[in-house]
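# Need coordinates for the below:
(2 chains)
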There are 2 protein chains.
Amino acid sequence: VAIVKPQMAFYEQYGFEGVRVFQETVRYAKMKDLLIIEDAKRNDIESTALAYAMGHLGEVELLNSMRSIYGVDMLTVTPYLGSDGIKPFIKVCEEYNKGIFILTKTSNPSAGELQDLKAGDDKIPLYLHIAKYISKEASRLIGKKGYSPIGAVIGATYPKEARLLRKIMKTSFFLVPGYGKQGATAQDIEPYFNEDGYGALVSSSRAVTFAYLDSESNKYPQLDYLESVREAAIRMRDDILSVMRKSGKIPKGW
Amino acid sequence: VAIVKPQMAFYEQYGFEGVRVFQETVRYAKMKDLLIIEDAKRNDIESTALAYAMGHLGEVELLNSMRSIYGVDMLTVTPYLGSDGIKPFIKVCEEYNKGIFILTKTSNPSAGELQDLKAGDDKIPLYLHIAKYISKEASRLIGKKGYSPIGAVIGATYPKEARLLRKIMKTSFFLVPGYGKQGATAQDIEPYFNEDGYGALVSSSRAVTFAYLDSESNKYPQLDYLESVREAAIRMRDDILSVMRKSGKIPKGW
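Have a look, this model is predicted:
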């Protein structure tokens, strides 16, 4: 495990005490040298979007000095408000060396109700409009390894669409939820990666966190919990690597 | 002033201490018998959306009892994820007698980039798809006065579109930002109301909160701040009532 993706809603629902635990979770993950994607799906415009971006990714002024508050590395962001709602987040990514993932084609059952509507003069699905916007913004900010901090959320259950989206957003990381419990397999995941074997962050939540419920080990959940998580994470990594080997998309040095 | 609309981003950016102040702000507003719209533009799916909804509007289980955490009356919600992302919020509105406003046609400059795209088989703007969805969901939940807890955010700068949206979403309250500093006048606001004189919550933020910067009173900002807010709020109310009188849309008993 290289990255953790805590879901803000499950902390925030408990009010400020919950947010305090979120901040402690982030601190602990950093101690363990993990990168942190905060799944908060924030969105607003201009100065308000900037407040979200500075609070979560950047720094805010407090008692006459600039302070990192949440200090996460990456944040998920919702695009319904258009570019006014995205630019403040991009600005903070640039300034503080952070990343965002813009919801593009999500893995939930009703995702298509809006995202798949054919839209605009060229009658392409709405999610392709978002993908083109991301591609344009991402190409302005390319790091040493050829990737941009402006990524996209693309659900794991759309391998066909992913192949096209990969071509449009070559320099973006895809955050890929829906692996495991939501039904996507390692085979489905292959098109989400670039030819260099990078470009996809495959996220498995329930299949890892709740692995102990599926196994024999639920007889001793407290004792075996960590082991069940470890096994599920290793199984997922090996499944994906095996498909990547077959497809020839092997990251350098692996 | 009957309702306040605190903007969560400006609290949340300071971490858990900021969220604590938000919760105190809500408590204070309740003491003053004000209704509270939390402008947080939350969104997610299924159990995660439910966590946001229960935390902000409903109750969560804590130490073996159900507790109201934020306890606001209404919450703004973003629709990019489709109905999976909205239904959990509606469920909580029903159960706890609360309300939501779904972003439909927002007042920011780039709002049209997505929201105005002609979409679907009927090639209507995306925001009309949202409006039709709201209309359908709102009509299932009508209160004694003929209004639903499922409302829409419609920016104040679209009087022409508002007339049509009012016809589609007859039973929804419109939350109307953009009055004052963003350029909309009382005259622009009239189509947002129903014939009965109800249906629009016109929100003015900067023109009220920062009124002291525009007036003579900025010589004594600390002394005159409350007065500047009071004057700006009264001016706004009177401007809107005067236009409503001319149009014949006078709420009963006013």
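# How much space separates A:Val72 from chain B?
12 Å (Cβ to the nearest Cβ, to the nearest Å). For every residue, glycine as well, the C-beta is placed using N, CA and C.
# Helix or strand for the nearest residue to that residue once chain neighbours are set aside, just tell me which one.
Counting by Cβ to Cβ, 6 or more residues apart in numbering or on different chains, the nearest residue to A:Val72 once its immediate chain neighbours are dropped is A:Glu38, at 4.1 Å. Take DSSP states H and E as the rule and A:Glu38 turns out to sit in strand A:35-42.
# cool, and A:Asp239?
helix A:221-247.
# Which elements pack onto that helix?
On a contact count with 3 or more Cβ pairs under 8 Å, 6 or more residues apart in numbering or on different chains; DSSP states H and E, helix A:221-247 meets helix A:186-189, helix A:206-209, helix A:211-214.
# Now do stretch A:9-20: everything it contacts.
Residues outside stretch A:9-20 that contact it (Cβ atoms under 8 Å, 6 or more residues apart in numbering or on different chains): A:21-22, A:25, A:40, B:12, B:15-17, B:19-20, B:22-23, B:42, B:44, B:48-49, B:51-52, B:54-56, B:60, B:62, B:69-70.
# average pLDDT for that stretch?
Averaging pLDDT along stretch A:9-20 gives 98.
# give me the low-pLDDT residue ranges for chain A?
A:215-223 (pLDDT under 70).
# Spatially central, which residue of it would that be?
A:Leu175 (3.7 Å; Cα atoms, centre = their mean).
# Check the contact between A:Thr171 and A:Lys136; I expect there is one.
No - A:Thr171 lies out of contact with A:Lys136 (Cβ atoms under 8 Å); the separation is 10.7 Å.
# quick one: which of those two has more around it?
A:Thr171 (21 against 12; other Cβ atoms under 10 Å in any protein chain shown).
# Now do the contacts for that one.
Contacts of A:Thr171 by Cβ under 8 Å, 6+ apart are A:135, A:138-139, A:142, A:146-148.
# Give me the contacts around stretch A:153-170.
With Cβ under 8 Å, 6+ apart as the criterion, stretch A:153-170 contacts A:76, A:101-108, A:111, A:127-128, A:131-132, A:134-135, A:138, A:152, A:174-179, A:182-184, A:187-194, A:199, A:202.
# What residues sit buried inside it?
Within stretch A:153-170, the residues that count as buried by 16 or more other Cβ atoms under 10 Å in any protein chain shown are A:153-158, A:161-162, A:165-166, A:169-170.
# re earlier: list the residues that contact the residue nearest to A:Val72.
A:5-6, A:8, A:26, A:56, A:70, A:72, A:74-76.
# Equivalent analysis for A:Gly120, please.
A:Gly120 sits in contact with A:129, B:117-119, where contact means Cβ under 8 Å, 6+ apart.
# just A:Val26 next, same as before
With Cβ under 8 Å, 6+ apart, A:Val26 has these contacts: A:6, A:36, A:38, A:70-72.
# How about A:Ala53?
Here A:Ala53 is in contact with A:42, A:75, A:88-89, A:91-93 (criterion: Cβ under 8 Å, 6+ apart).
# which one is it nearest to, not counting chain neighbours?
A:Val92 (3.9 Å).
# The one you found is in contact with A:Tyr52, isn't it?
No - A:Val92 sits out of contact with A:Tyr52 when judged by Cβ under 8 Å, with a separation of 9.1 Å.
# between those two, which one's more packed in?
A:Tyr52 (27 against 24).
# what about that one, which helix or strand?
Counting by DSSP H and E, A:Tyr52 is part of helix A:46-56.
# Taking their axis directions, that helix and strand A:35-42 sit at what angle?
150 degrees (axes from the mean of the first three to the mean of the last three Cα atoms, to 10 degrees).
# Can you give me the end-to-end span of stretch A:78-85?
8 Å (Cα to Cα, to the nearest Å).
# repeat for stretch A:213-232
12 Å.
# Then stretch A:238-254?
Rule used - Cα to Cα; the end-to-end distance of stretch A:238-254 is 12 Å.
# thought A:Thr209 was touching A:Leu226?
No - the criterion here is Cβ under 8 Å, and A:Thr209 misses it with A:Leu226 at 11.5 Å.
# So between these two, which is more surrounded?
A:Thr209 (14 against 10).
# separation between the residue lying closest to that one once chain neighbours are set aside and chain B?
Excluding its sequence neighbours, the residue lying closest to A:Thr209 (Cβ to Cβ, 6+ apart) is A:Val229, at 6.9 Å. A:Val229 sits at a distance of 19 Å from chain B (criterion: Cβ to the nearest Cβ).
# Run a quick check on A:Val229 versus A:Val208, I expect a contact.
Yes - using Cβ under 8 Å, A:Val229 makes contact with A:Val208 at a distance of 5.7 Å.
# which one is A:Ala152 nearest to, not counting chain neighbours?
Per Cβ to Cβ, 6+ apart, closest to A:Ala152 is A:Thr104, 4.2 Å.
# whoops, A:Ile240 was the one
Closest to A:Ile240 by Cβ to Cβ, 6+ apart is A:Ala186, at 4.8 Å.
# For that neighbour, give me its contacts.
A:236, A:239-240, A:242-243.
# Between A:Val229 and A:Val208, point out the one with more neighbours.
When neighbours are counted by other Cβ under 10 Å, A:Val208 comes out ahead of the other of A:Val229 and A:Val208, with 20 against 16.
# A:Ala232 is in contact with that one, correct?
Yes - using Cβ under 8 Å, A:Val208 is in contact with A:Ala232, at 4.5 Å.
# what residues are up against the residue nearest to A:Ala152?
By Cβ under 8 Å, 6+ apart, the contact set of A:Thr104 is A:79, A:115, A:127, A:130-131, A:134, A:152-154, A:165.
# Of the residues you listed - the most surrounded one?
Ranked by neighbours (other Cβ under 10 Å), those are led by A:Ile154, which has 29 neighbours.
# Return the backbone torsion pair for that one.
phi -130, psi 110 (degrees, to the nearest 10).
# hey, what's the nearest residue to it once chain neighbours are set aside bridged with?
For A:Ile154, ignoring the flanking residues on the chain, the nearest one in space by Cβ to Cβ, 6+ apart is A:Phe174 at 4.7 Å. Going by DSSP bridges, A:Phe174 is paired in beta bridges with A:Ala152, A:Ala200.
# returning to what we had before: which of the contacts of A:Ala186 are buried?
Using 16+ other Cβ under 10 Å, the buried members of the contacts of A:Ala186 are A:236, A:239-240, A:243.
# wait, which of those residues is closest to chain B?
A:Met236 (21.0 Å; Cβ to the nearest Cβ).
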